[in-house]
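**Q** using only what follows, build the 3D model:
(3 chains)
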Amino acid sequence: MGAEVPRVRAGRPDPTRPSVLHLDLDAFFAAVEQRDKPSLRGKPVVVGGPGGRGVVATASYEARVFGVGSAMPTARARRLCPNAAYLAGRFEAYRAVSEQVMGLAHTLSPLVEPLSLDEAFVDLSAVHDDLDVERVTGIAEGFRAEVRARTGLTVSVGVGASKLVAKIASDLRKPDALVVVPPQEQEALLAPMSVRRIPGVGAVTGDRLVRSGLRTIGDLAAADEGELVRMLGKAHGSGLLAFARGIDPRPVVPEREAKSVSAEETFSTDLTDRADLTERIRRMADRVAVRLGKAGLSGRTITIKVRRYDFSTLNRSRTLPHATSSAKEVALHAGELLDGVDVADGVRLLGVGVSGLSEYSQIDLLAEIEDPLPPVEDVEEPAGLVEGGSPHPYGPPASPGWRPGQDVVHAGFGPGWVQGSGVGRVTVRFEGPHTPPGRVRTFRDDDPDLTACGPPAYLPGDA
DNA sequence: TCTGGGGTCCTAGGACCC
DNA sequence: TCTGGGGTCCTAGGACCC
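**A** Have a look, this model is predicted:
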């Protein structure tokens, strides 16, 4: 713990030194669940949308054996692995662990660029100028041990001379692995790999390349630039060629500014009622406005997204002469945009977004003063919008609404988590990160002794 | 098998201006 | 009277990422 202030040198990585580190927490959401729920350790766990239209966010390695993977419809996962625990996800808990890990990354270097809750790049050259494979291996192993000790989770790490190589490397021997790629071995490592390993080459681009006879990164490196640009466009074509040749000058950039804020929802069944859709738009506009407000941002462009019954998706947008973060104003424009869309055949998903962001403007502050009250529409909850006779037309009911995996506490039995619910009952397993696997008990789903709570504390050194 | 929710970046065409 | 090129802004769509 030296007292010297580290010298920060942001910029393009030195292609001759392994100075870029990519960290990737293993099966992150599922791993946090197994950590906090002892009865699930060593068992298949699937985190994702549990409903009929949900998809898998993360599957534990035990579930992957059955063929369950990310982005797969949950319905299919259930067929492949009926005995897995299917959990809705606890983002509050994931966010807390993520912040902890990003904090540990900051002890390596101030140049940390998070990509998501479970991934980040770190530029080590900001604090070390004599990096070689040996030194960087020590640094990375120290970091991995620290993450495990403090959070109980394993993290895979890749190190290379660029973001591209670091990212590919971290994926190579997952889980719980460190892969350091010496710059002079980089070309030989990349050449035989599938083009699909390159971040940015997805299903469509991958197929296009393979159909042109470009199967490996080596094939791509030898390709003609003009041909690639014709096939994939200017930016993508020349960018991929550079990547394939090991050229990636992208710097590690901490603190990137948000470009848009949005909310969207897929309905459990398609909606056709315009008044109903307008009400949903209003609620999503509220959520977006709250998040804009918290971030001190406002934006000029309002966008709606409509996914139809057949999964075709369209966007409609409108740019205002001024920036706004007012829920009312966002809802107004979003509603007018929706008026121009045919919804008769059924809407599967609806979304509202704001882009063209800037720091909170004076106009918004004035608007806030003139109109400080929450939307008046709350007063006139129209009875005519109730669908299917449900008393809760606009979302899950407030009181039962137990979600699988949710943290709860019972007045008599203490802390636990919801294992399942339905037909007026809720099943709770009473255990926590530092207890042995716990017992299950069933309650009425409106039992006043049972309340939702925040994630359990994880105490380092106890695992 | 039937496809979430939150984003980023790129492309292309048309309007408009100089 | 008819032809131009460049730049910027806006809208729409699409690929991709975790």
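**Q** from residue A:22, how far off is residue A:163?
**A** Distance, residue A:163 to residue A:22, by C-beta to C-beta, to the nearest Å: 7 Å. (C-beta placed from N, C-alpha, C; glycine too.)
**Q** contacting residues for the closest residue to DNA strand C within chain A?
**A** DNA strand C sits closest to residue A:202 of chain A, with a gap of 2.3 Å, by C-beta to the nearest atom of the strand. Counting by C-beta atoms under 8 Å, 6 or more residues apart in numbering, residue A:202 touches residue A:196.
**Q** need phi/psi at it.
**A** Main-chain torsions, residue A:202, degrees, to the nearest 10: phi -100, psi -160.
**Q** the helix or strand hosting residue A:122 pairs with which strands, and in what direction?
**A** Per DSSP states H and E: residue A:122 is located in strand A:119-123. Paired strands of strand A:119-123, with direction, are strand A:20-25 (antiparallel), strand A:112-116 (antiparallel) (DSSP bridges).
**Q** next one: the residue of chain A closest to DNA strand C from residue A:260, what distance?
**A** Separation of residue A:202 from residue A:260 (C-beta to C-beta): 21 Å.
**Q** again, but for residue A:26
**A** Distance of residue A:26 to residue A:260, computed by C-beta to C-beta: 30 Å.
**Q** give me the more crowded residue out of the two.
**A** The neighbour count for residue A:26 versus residue A:260, taken as other C-beta atoms under 10 Å, is higher for residue A:26 (18 against 14).
**Q** and the gap between the more buried one and residue A:279?
**A** Here residue A:26 is placed at a distance of 41 Å from residue A:279 (C-beta to C-beta).
**Q** please apply the same query to residue A:313.
**A** Computed as C-beta to C-beta, the residue A:313 to residue A:279 distance reads 21 Å.
**Q** for these two, indicate the residue with more neighbours.
**A** residue A:279 (19 against 12).
**Q** looks to me like that one is in a helix.
**A** Yes - assessed with DSSP: H, G, I helix; E, B strand; the rest coil, residue A:279 lies in a helix.
**Q** lowest-pLDDT helix or strand in chain A?
**A** Lowest on mean pLDDT, DSSP states H and E among the helices and strands of chain A sits helix A:362-370, with a mean of 50.
**Q** quick one: contacts for residue A:410?
**A** Residue A:410 neighbours (C-beta under 8 Å, 6+ apart): A:416, A:428, A:430, A:441, A:443, A:447, A:449, A:450.
**Q** helix, strand or coil for the fourth one?
**A** Local secondary structure at residue A:441 is given as strand here, using three-state DSSP.
**Q** beta-bridge partners for it, please?
**A** Applying DSSP bridges to residue A:441 gives these bridge partners: residue A:428.
**Q** one more: the last one?
**A** According to DSSP bridges, residue A:410 are recorded as the beta-bridge partners of residue A:450.
**Q** name the SS class of residue A:176, please.
**A** Assigned by three-state DSSP, the conformation of residue A:176 is coil.
**Q** I'd say it and residue A:26 touch.
**A** Yes - taking contacts as C-beta atoms under 8 Å, residue A:176 lies within contact range of residue A:26: 6.1 Å.
**Q** where's the next helix or strand after the strand holding residue A:122 relative to the chain centroid, distance-wise?
**A** Next along the chain after strand A:119-123, taking DSSP H and E as the criterion, comes helix A:133-151. When C-alpha coordinates are averaged (C-alpha atoms, centre = their mean, to the nearest Å), helix A:133-151 and its chain have centres 24 Å apart.
**Q** other SSEs contacting helix A:133-151?
**A** Applying 3 or more C-beta pairs under 8 Å, 6 or more residues apart in numbering; DSSP states H and E, one finds that helix A:133-151 makes contact with strand A:20-25, helix A:91-106, strand A:155-160, strand A:178-180.
**Q** one more time with 7 Å
**A** Here helix A:133-151 touches helix A:91-106, strand A:155-160, strand A:178-180, going by 3 or more C-beta pairs under 7 Å, 6 or more residues apart in numbering; DSSP states H and E.
**Q** output that helix as CSV, restricted to C-alpha atoms.
**A** C-alpha atoms of helix A:133-151 as CSV (Å, rounded to 0.1, in the frame of the first residue of the first chain):
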residue,chain,number,x,y,z
VAL,A,133,3.8,-12.3,-18.6
GLU,A,134,5.2,-13.2,-15.2
ARG,A,135,4.3,-10.0,-13.5
VAL,A,136,0.9,-9.8,-15.0
THR,A,137,0.2,-13.4,-14.0
GLY,A,138,1.0,-12.5,-10.4
ILE,A,139,-1.3,-9.5,-10.5
ALA,A,140,-4.2,-11.4,-12.0
GLU,A,141,-3.9,-14.4,-9.7
GLY,A,142,-3.8,-12.0,-6.7
PHE,A,143,-7.0,-10.4,-8.0
ARG,A,144,-8.7,-13.7,-8.5
ALA,A,145,-7.8,-14.9,-5.0
GLU,A,146,-9.1,-11.6,-3.6
VAL,A,147,-12.4,-11.8,-5.4
ARG,A,148,-12.9,-15.3,-4.2
ALA,A,149,-12.0,-14.4,-0.6
ARG,A,150,-14.2,-11.3,-0.4
THR,A,151,-17.2,-12.5,-2.4
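**Q** and that helix, which residues are buried?
**A** Buried residues in helix A:133-151, counted by 16 or more other C-beta atoms under 10 Å: A:133, A:136, A:139, A:140, A:143, A:144, A:146, A:147, A:150, A:151.
**Q** run the angle between that helix and helix A:91-106 for me.
**A** If you take axes from the mean of the first three to the mean of the last three C-alpha atoms, to 10 degrees, helix A:133-151 sits at 150 degrees to helix A:91-106.
**Q** avg pLDDT for helix A:133-151?
**A** For helix A:133-151, mean pLDDT rounds to 98.
**Q** hey, what's the angle from it to strand A:155-160? Just curious.
**A** Angle of helix A:133-151 versus strand A:155-160, following the same axes, to 10 degrees, is 160 degrees.
**Q** contacts for helix A:133-151 next, please.
**A** Under the criterion C-beta atoms under 7 Å, 6 or more residues apart in numbering, residues A:18, A:21, A:97, A:100-101, A:104, A:108, A:124, A:153-155, A:157, A:159, A:178, A:180, A:182, A:458, A:460-461 lie in contact with helix A:133-151.
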